[in-house]
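Peer 1: How does the following fold in three dimensions:
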Amino acid sequence: MRIALAFALMSGPALAAPCGGALSDFTAAMTAEAVASGLPEDAARSYLAGSRIDDGVLRADRSQGVFRMSFTDFARRLISAARLDRGRALGAQHAAIFDRAAAEYGVPKGILLAFWAFETDYGAVQGDFNTRDALVTLGHDCRRPELFQPQILAAIALHAKGDLSTDTTGAWAGEIGMVQMLPADILARGVDGDGDGHVTLKTSVPDALLSGARLLQHHGWQAGQPWLAEVTVPAQMDWGLSGLEVQLPVAEWQAMGVSGREALPQGMASLILPQGRGGPAFLAYPNFHTLFDWNQSFTYVLTAAYFATRLEGAPVFAAGNPDPGLDDAQMMRLQEKLAARGHDVGKIDGILGSGTRAAVQKEQVRLELPADAWPTRALLDAL
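Peer 2: Reported below is the predicted structural model:
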């Protein structure tokens, strides 16, 4: 407990470990950071001893092409009848754990099952990257050291408590266990759900699910509130109101002609059109936003949120008839044109991220095109 408390009180790394350069210099600097943060020097040395740079981690970090897929394609890839059936069976098998997660943290069964399914196929595929080496690689790399060096310190703290060994494996970015949590989140929000005195997210279903629920509660999940509802939209409306940046009362959306396939929960919500006005449509409630603290990909989060509704009884979404999207080369050309007009689209990578969506919608408004944030050949040609 003293180790966890010392780490929790840190405002940030005590020192700045140099990125790049000799690995021995980096691990020495990280050891010094750990000691300055109140962690035992012997734990730091034993955890970092023998660590190495993993080139596979660097390759994975730079090639996340799956998020170039459209929502419909991504959802069809991840959601199958077998995965639904397996989720429902596990929901029944571990009903007491899900009931506890709902009672103590307010997180419903469908959400936890969805992340359990997508992150590790219900624990079956947890990743085979050495966690220590993955964190050291990303902390040493000069791309995002400020994100991963604190995770190394958290891993050392977990190691000192006996909750993380040097041969632990997980995802390429250092996430561990059935619901793939980073060391700092495990240290701060991990739950010993099975009462064995340790938080072991790789092998303990109670630990993994309750830790995930506690993390979502920490990020703002509101008990008893909706997260996503499928809707149909009228042929014409102010498409510029769509997107996560605009939240309106559900009654106002209904007055514009937006209707639910099932009874719509009231409250504030955003209209999201992942493939434009001709494709699937959803109202996203405030709880939906908390899921981005788990994963920052819009397509991933929407698919997980939708899968959670399916697990709780919602029907298959209506794919609609969206305008054809752009291929990778066209998307990169579009991003270049948007960037040339002063929009911040981030890296020119062909991925329809939040910055590109926002820029697309602004240019659609300027060009008097339907402002549904879906990039089409018509927009590319107009630019």
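
Peer 1: Helix or strand next in line after the longest helix seen in the chain, which one?
Peer 2: Taking DSSP state H as the criterion, the chain has its longest helix at helix 145-161. Going down the chain from helix 145-161, the next helix or strand is strand 169-170, by DSSP states H and E.

Peer 1: who are the neighbours of that following strand, in terms of helices and strands?
Peer 2: strand 129-130, helix 131-140 (3 or more C-beta pairs under 8 Å, 6 or more residues apart in numbering; DSSP states H and E). Any C-beta I mention is one placed from the backbone N, CA and C, and that applies to glycine too.

Peer 1: For residue 183, give me its contacts.
Peer 2: Contact analysis of residue 183 by C-beta atoms under 8 Å, 6 or more residues apart in numbering lists 131, 135, 151-152, 154-155, 157-158, 164, 174, 176.

Peer 1: try 10 Å this time
Peer 2: 7, 131-132, 135, 150-159, 163-164, 168, 170, 174-176, 190 (C-beta atoms under 10 Å, 6 or more residues apart in numbering).

Peer 1: any low-confidence regions in this structure?
Peer 2: 1-16, 64-67 (pLDDT under 70).

Peer 1: Report the central residue of it.
Peer 2: Centroid-nearest residue in the chain, with C-alpha atoms, centre = their mean: residue 295, separated by 0.8 Å.

Peer 1: Surely that one touches residue 114?
Peer 2: No: contact criterion C-beta atoms under 10 Å: residue 295 and residue 114 do not qualify, at 11.2 Å.

Peer 1: overlap in contacts of these two?
Peer 2: 303-304.

Peer 1: Count the neighbours of residue 52 for me.
Peer 2: 11 (other C-beta atoms under 10 Å).

Peer 1: Next: residue 236.
Peer 2: 10.

Peer 1: dump the residue contacts of it.
Peer 2: Residue 236 touches 256-257, 277, 370, counting by C-beta under 10 Å, 6+ apart.

Peer 1: Tell me the buried residues within the residues you listed.
Peer 2: 277, 370 (16 or more other C-beta atoms under 10 Å).

Peer 1: Quick check: of the contacts of residue 236, which lies closest to residue 184?
Peer 2: residue 277 (40.4 Å; C-beta to C-beta).

Peer 1: ok, now how distant is the residue nearest to the closest one when sequence neighbours are not counted from residue 279?
Peer 2: With sequence-adjacent residues excluded and distances taken as C-beta to C-beta, 6 or more residues apart in numbering, residue 277 is closest to residue 372, at 4.4 Å. As judged by C-beta to C-beta, to the nearest Å, residue 372 and residue 279 stand 9 Å apart.

Peer 1: which residues are common contacts for these two?
Peer 2: By C-beta under 10 Å, 6+ apart, the residues touching both residue 372 and residue 279 are 233, 273, 322-323.

Peer 1: Could you dump those residues into CSV and include secondary structure and neighbour count?
Peer 2: Below are the shared contacts of residue 372 and residue 279 laid out as CSV (DSSP: H, G, I helix; E, B strand; the rest coil; neighbours: other C-beta atoms under 10 Å):
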residue, secondary structure, neighbour count
233, coil, 22
273, coil, 23
322, coil, 20
323, coil, 17
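
Peer 1: which of those residues lies closest to residue 302?
Peer 2: Among the shared contacts of residue 372 and residue 279, and counting by C-beta to C-beta, the member closest to residue 302 is residue 273, at 10.7 Å.

Peer 1: Verify the stated contact: the closest one with residue 246.
Peer 2: No: if you go by C-beta under 10 Å, residue 273 and residue 246 don't touch, sitting 11.8 Å apart.

Peer 1: and the gap between residue 361 and residue 240?
Peer 2: In terms of C-beta to C-beta, residue 361 sits 7 Å off from residue 240.

Peer 1: thinking again about what came up before, the more surrounded of residue 372 and residue 279?
Peer 2: Neighbour tally, residue 372 and residue 279, criterion other C-beta under 10 Å: the higher count belongs to residue 372, 29 against 22.

Peer 1: all strands for this protein, in order.
Peer 2: 129-130, 169-170, 228-232, 248-249, 259-260, 268-272, 282-284 (DSSP state E).

Peer 1: Show me which of these has the highest average neighbour count.
Peer 2: Among those, strand 282-284 has the highest mean neighbour count (mean count of other C-beta atoms under 10 Å), at a mean of 24.

Peer 1: Which elements pack onto that strand?
Peer 2: Of the remaining helices and strands, those touching strand 282-284 by 3 or more C-beta pairs under 10 Å, 6 or more residues apart in numbering; DSSP states H and E are strand 228-232, helix 250-255, strand 268-272, helix 298-311.

Peer 1: if we can go back for a sec, tell me the contacts of the residue nearest to residue 277?
Peer 2: 233, 237, 239-243, 271, 273-279, 281, 322-323, 357, 360-361, 364.

Peer 1: can you give me phi and psi for it?
Peer 2: phi -100, psi 10 (degrees, to the nearest 10).

Peer 1: how much space between it and residue 239?
Peer 2: On the measure of C-beta to C-beta, residue 372 and residue 239 end up 4 Å apart.

Peer 1: which residues are common contacts for these two?
Peer 2: 233, 271, 273, 276-277, 361, 364.

Peer 1: follow-up on the earlier one: give the closest residue to the residue nearest to the centre of the chain in space, chain neighbours not counted.
Peer 2: Residue 295 sits nearest to residue 301 (C-beta to C-beta, 6+ apart), 5.8 Å away.

Peer 1: The one you found: neighbouring residues, count only.
Peer 2: Residue 301 has 20 nearby residues by other C-beta under 10 Å.

Peer 1: What separation do you get for it and residue 199?
Peer 2: Taking C-beta to C-beta, one finds residue 301 at 25 Å from residue 199.

Peer 1: just residue 35 next, same as before
Peer 2: Counting by C-beta to C-beta - residue 35 and residue 199 are separated by 24 Å.
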